[in-house]
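[1] Fold the following, please.
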Amino acid sequence: MFKKVLILSASAGAGHTRAAQALERAFMEMGAAEEVKHVDALEYTTKIFKAIASKAYIDLVNKAPHMLGWFYDVMDKPWKNERLMQAIDMLNTQPLVRLINKYQPDLAVCTHFTPADMISWLKEKKTLTCHLAIVVTDFDIHANWLSRYCDRYFVALDETGVHLEKLGIPADRITVSGIPVDPVFARRKDKAAMRLKFGLRQDKTTILVSAGGFGVGPVENLITALLDLQHEAQIVAVCGKSEELKRKLENLAERVPAGHRVTVRVVGYTTDMDEYMAAADMLVGKTGGLTTSEALARDLIMVVVNPIPGQEERNADHLLEEGAALRCNNLPAIAFKIDRLLDDPARMAAMKKNIQRLARPRAAYDIVSTLLQLKSAAQR
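    Numbers count the residues shown, from 1 in each chain. The predicted structure follows:
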């Protein structure tokens, strides 16, 4: 058992936080630590740094996603920008550094690279002696995640582990665990029971549309395009925290003619995403690392639309390569692509098998178990 575990995330997008919450819950359920503290690192940074990492990020996703992709590629130079990024982080994260030094954990687990940078720097300066675990929250590895003082990397895929090895990380410091999702995803839930709970039809194809934790992306246009489906379907649109998007979609849903073969149900921010996923047949949306991992855990075919250039496009590439998703680059064709898939049960069955092979619903538990084994081995 660990004495003090510090889990560090960053609210730059919802996925890093959800991964940290999943690990926190796993530590507590498994009795793996006397004390577990989860901190959003951005709450301990300068106002400008926080604004750039959170609000500016969301603005770019909506207004200039290709700029994000350009920046992602420019910065993906392994080990070359290490000191520059560390210097920038140091200028903006002094409150975080003080918190870490005061808490003095014996294990730090980072689901974002900024706090991992700070832990690594403190270890280098020998003001901190804790073990550092980095949990990569996308399927690919970016140079920003690299750390010379990380004791264990947890990654989603075998390919990602091989990539890390080629970048100089010893194989015995890499574990292919999957991305940690809430442990609730490790518990099977009956599709019929979940549809009954949410008042959904049992006999209709159920399509979940996710706007992500912050309600970003052209969701209104996407729902409009899905109304052209020829199959009977019910769309459940989850809007995240955007009240404006929720109002727009509710107005759209009210305009759908009575008796139309496609119906629309609008849901605001919810903590029941695992149950909505259990009720669904497929998920339409972007390929954030956490959303993708949750969909895999719930056996959902993904239809990828407008992934953010950079990490989400790479996530989508992995899903497509493994035969676990469709991609639609042109919204007017999305109904056609889904109808064609629904007309091909053999193809759907093959995709389901691929999804089950990729799914890691117990990743949070597996990560905690591995860390406990490392601690036990170090004490011998």
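[2] Just list the residues touching K50, thanks.
    By Cβ atoms under 8 Å, 6 or more residues apart in numbering, the contact set of K50 is 42-43. Where you see a C-beta, it was placed from the backbone N, CA and C, and this is true even at glycine.
[3] ok now the helix or strand where it lies, how far from the chain's centre?
    Here K50 sits within helix 47-53, counting by DSSP states H and E. Put simply, helix 47-53 sits 21 Å off its chain's centre (Cα atoms, centre = their mean, to the nearest Å).
[4] avg pLDDT for it?
    Here helix 47-53 scores 75 as its mean pLDDT.
[5] got a pLDDT number for the spatially closest residue to R298 that is not a sequence neighbour?
    Take R298 and drop its neighbours on the chain: the residue closest to it by Cβ to Cβ, 6 or more residues apart in numbering is M277, 3.8 Å away. On pLDDT, M277 comes in at 97.
[6] Listing request: residues of the stretch 101-250 of the chain with sub-threshold pLDDT.
    Across the stretch 101-250 of the chain, the ranges flagged by pLDDT under 70 are 212-217.
[7] At which residues are the strands of it located?
    For the stretch 101-250 of the chain, the strands defined by DSSP state E, counting those that start in this stretch occupy 107-110, 131-135, 152-155, 174-176, 205-210, 233-238.
[8] Let me know which of those strands is tucked in deepest.
    strand 107-110 (a mean of 28; mean count of other Cβ atoms under 10 Å).
[9] for the helix or strand encompassing L374, which positions count as buried?
    With secondary structure defined by DSSP H and E, L374 is part of helix 363-379. The neighbour-count check on helix 363-379 (16 or more other Cβ atoms under 10 Å) flags 363-368, 371-372, 374 as buried.
[10] Convert that helix to CSV, retaining C-alpha atoms only.
    Extracted C-alpha coordinates of helix 363-379, given in CSV (Å, rounded to 0.1, in the frame of the first residue of the first chain):
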residue,chain,number,x,y,z
ALA,A,363,-7.3,-0.3,-17.3
ALA,A,364,-7.6,1.8,-14.1
TYR,A,365,-7.5,-1.4,-11.9
ASP,A,366,-4.6,-2.8,-14.0
ILE,A,367,-2.6,0.4,-13.6
VAL,A,368,-3.0,0.4,-9.9
SER,A,369,-2.1,-3.3,-9.6
THR,A,370,1.0,-2.7,-11.6
LEU,A,371,2.1,0.2,-9.4
LEU,A,372,1.5,-1.9,-6.3
GLN,A,373,3.7,-4.7,-7.7
LEU,A,374,6.4,-2.2,-8.5
LYS,A,375,6.3,-0.9,-4.9
SER,A,376,6.4,-4.4,-3.5
ALA,A,377,9.4,-5.3,-5.7
ALA,A,378,11.2,-2.1,-4.7
GLN,A,379,10.8,-3.0,-1.0
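[11] Provide the contact partners of it at residue level.
    1-2, 22-23, 25-27, 29-30, 32, 107, 109, 131, 133, 135, 151-152, 154, 175, 177-183, 186, 293, 360.
[12] circling back: now tabulate the strands of the stretch 101-250 of the chain in TSV and tack on distance to H142.
    Listed next are the strands of the stretch 101-250 of the chain as TSV, based on distance: least, Cβ to Cβ, whole Å:
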stretch	distance to H142
strand 107-110	14
strand 131-135	12
strand 152-155	12
strand 174-176	15
strand 205-210	23
strand 233-238	27
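[13] Of those strands, which is nearest P309?
    strand 205-210 (18.7 Å; Cβ to Cβ).
[14] Determine the set of other helices and strands touching the closest one.
    On a contact count with 3 or more Cβ pairs under 8 Å, 6 or more residues apart in numbering; DSSP states H and E, strand 205-210 meets helix 219-226, strand 233-238, helix 273-279, strand 282-285.
[15] got these as CSV, with distance to G199 columns?
    Shown next, in CSV, are those (distance: least, Cβ to Cβ, whole Å):
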stretch, distance to G199
helix 219-226, 19
strand 233-238, 10
helix 273-279, 10
strand 282-285, 19
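[16] Figure out which of those is closest to N81.
    Across the helices and strands packed on strand 205-210, N81 has its closest neighbour in strand 282-285 (30.9 Å, Cβ to Cβ).
[17] Now find how far off-centre the closest one is within its chain.
    For strand 282-285, the distance to the chain centre is 14 Å (Cα atoms, centre = their mean).
[18] That one pairs with which strands?
    According to DSSP bridges, strand 282-285 forms sheet pairs with strand 205-210 (parallel), strand 301-305 (parallel).
[19] any chance of those strands in CSV, plus distance to F49?
    As requested, these are exported to CSV (distance: least, Cβ to Cβ, whole Å):
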stretch, distance to F49
strand 205-210, 28
strand 301-305, 31
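[20] contacting residues around the residue lying closest to G178 once chain neighbours are set aside?
    Leaving out its chain neighbours, the residue that sits closest to G178 by Cβ to Cβ, 6+ apart is R360, at 2.4 Å. By Cβ under 8 Å, 6+ apart, the residues touching R360 are 156, 177-179, 181, 293, 296-297, 366.
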